[in-house]
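Enquirer: what follows is a predicted protein model with its sequence.
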Amino acid sequence: MHIKVLGSGAGGGLPQWNCNAPNSKDARDGHENVKPRSQSSITVSADGRNWVLLNASPDIRQQIFDTRQLHPHNDGPVRNSPIQAVVLTNGDVDHVAGLLCLREGHPFNIYASARVMKTVDANSIFNVLNAEKVNRITTPLEQSFEVNSPEGPLGLTITPFAVPGKVALYLEEDDGSGNFGTEEGDTIGLEVKEDETGKIFYYIPGCATIDEKLAARIKGASLIFFDGTLFTNNEMLDQGLLPKTGERMGHMNMSGENGSLEAFKDLGIKRKVYIHINNSNPVLRDNSPERKVVTDAGWDVSYDGMEIEL
């Protein structure tokens, strides 16, 4: 199974267009220890020719340009693409806006939970995707589905499952409950299996906490991509970037007794990769003490263009 990281950053990427905090400034200035990152998405393939996007970043056009595997096939018609399907994990702008860049009449399938598909269906701008060529397929939670192109199977089976999280920012409702209108299916994880080999990995770019159910599911996994948004709960407050904590945004922090470093310590996962990393996070600096903490704990910090064979 072939896996490639198209974008490893959180919303806004690195550098963020209107940010001059240290990470963004140094990335913009070409600092050797702070590499630019686009907004998060990965792509996966069973055969190396036909590819499935897991989320469609606003940066998808540049990501396709930078990824030879996603260039049109030379032995195909004048207009063609290796992208055969898109699977969405939530309705966040940094995960769905890229669909608008895939509007040039290319046939592919979109898979999403009922909650996320409802958001896509409710916004008429997504109708630029020709309904005669682009199928929208709602995927019930905990039910495995064969990932297909409009022409047939792609050799992958995905199982979507709910994870603790929060509804997309632009869909929040101040209902006094403290959960901002969040319902099951607003944020999901994906179990991705290659049909021929049975190999499995997990993709969870947004998650608020590791509960017992999730821990039991992922224990002993060969590979997981996991939410790496913030290192500390208050880092955006401390840097004067946003008056919100990681918890308020529905993201699990890396550090602390309730952080992902601690939660994953005894799960026996062979390879752990942080993705969806916010531009405020000090682990984005290759030589930072925080980077050493996560690498010493056995984690990789993803980067654009990272490739993994499973």
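Expert: Received, thanks.

Enquirer: neighbours around the closest residue in space to I188 that isn't next to it in sequence, how many?
Expert: Of all residues not flanking I188 in the chain, P160 sits nearest, at 4.8 Å (CB to CB, 6 or more residues apart in numbering). All C-beta atoms are positioned from the backbone trio N, CA, C, and that covers glycine. A count of nearby residues for P160, using other CB atoms under 10 Å, gives 24.

Enquirer: ok, what's across the strand from P160?
Expert: Beta-bridge partners of P160, counted by DSSP bridges, are L190.

Enquirer: that one and E196, how far apart?
Expert: For P160, the distance to E196 equals 21 Å [CB to CB, to the nearest Å].

Enquirer: got it, and C19?
Expert: 44 Å.

Enquirer: the two: which has the busier surroundings?
Expert: Taking neighbours as other CB under 10 Å, C19 and E196 compare with C19 leading, 19 against 11.

Enquirer: my guess is the more buried one contacts G12, does it?
Expert: Yes: using CB atoms under 8 Å, C19 is in contact with G12, at 7.0 Å.

Enquirer: quick one: the strands in the protein, in order.
Expert: Per DSSP state E, the chain carries strands over the ranges 2-7, 41-45, 51-54, 83-87, 108-112, 134-138, 145-149, 152-162, 188-194, 200-204, 223-227, 271-275, 299-301, 307-309.

Enquirer: how about I218: what's its closest non-neighbour residue?
Expert: Y202 (5.5 Å).

Enquirer: now do the contacts for the one you found.
Expert: By CB atoms under 8 Å, 6 or more residues apart in numbering, Y202 lies in contact with 189-192, 217-218, 221, 223-226.

Enquirer: most neighbours, which of those?
Expert: Counting neighbours by other CB under 10 Å, F225 leads these with 29 neighbours.

Enquirer: on that earlier part again, I'd say the residue nearest to I188 and T187 touch.
Expert: No: using CB under 8 Å, P160 is not in contact with T187, being 10.6 Å away.

Enquirer: stretch 98-116 - what's its average pLDDT?
Expert: The pLDDT scores in stretch 98-116 average 95.

Enquirer: list the buried residues of that stretch.
Expert: Across stretch 98-116, burial judged by 16 or more other CB atoms under 10 Å covers 98-99, 101-102, 106, 108-113, 115-116.

Enquirer: just to check, M117 is in contact with F126?
Expert: No: using CB under 8 Å, M117 makes no contact with F126, being 10.3 Å away.

Enquirer: follow-up on the earlier one: K213 is nearest to which of the strands of the chain?
Expert: The minimum distance between K213 and the strands of the chain falls on strand 152-162, with 8.7 Å, by CB to CB.

Enquirer: what packs against that closest one?
Expert: Applying 3 or more CB pairs under 8 Å, 6 or more residues apart in numbering; DSSP states H and E, one finds that strand 152-162 contacts strand 83-87, strand 145-149, strand 188-194.

Enquirer: check what pLDDT D175 gets.
Expert: pLDDT for D175: 61.

Enquirer: should've said E247
Expert: For E247, the model assigns a pLDDT of 71.

Enquirer: that one: how many residues sit nearby?
Expert: 16.

Enquirer: give me the distance between it and A208.
Expert: Distance of E247 to A208, given as CB to CB: 7 Å.

Enquirer: E146 now?
Expert: The spacing between E146 and A208, counted by CB to CB, is 30 Å.

Enquirer: okay, these two: which has more neighbours?
Expert: The neighbour count for E146 versus A208, taken as other CB under 10 Å, is higher for A208 (18 against 12).

Enquirer: how deep is the closest residue to that one other than its chain neighbours tucked in, by neighbour count?
Expert: Nearest residue to A208, sequence neighbours excluded (CB to CB, 6+ apart): P164, at 4.1 Å. Counted with other CB under 10 Å, residues neighbouring P164 total 16.

Enquirer: what's near enough to touch P164?
Expert: By CB under 8 Å, 6+ apart, P164 lies in contact with 187, 207-209, 211, 214.

Enquirer: give me the buried entries from these.
Expert: Buried among these by 16+ other CB under 10 Å: 187, 207-209, 214.
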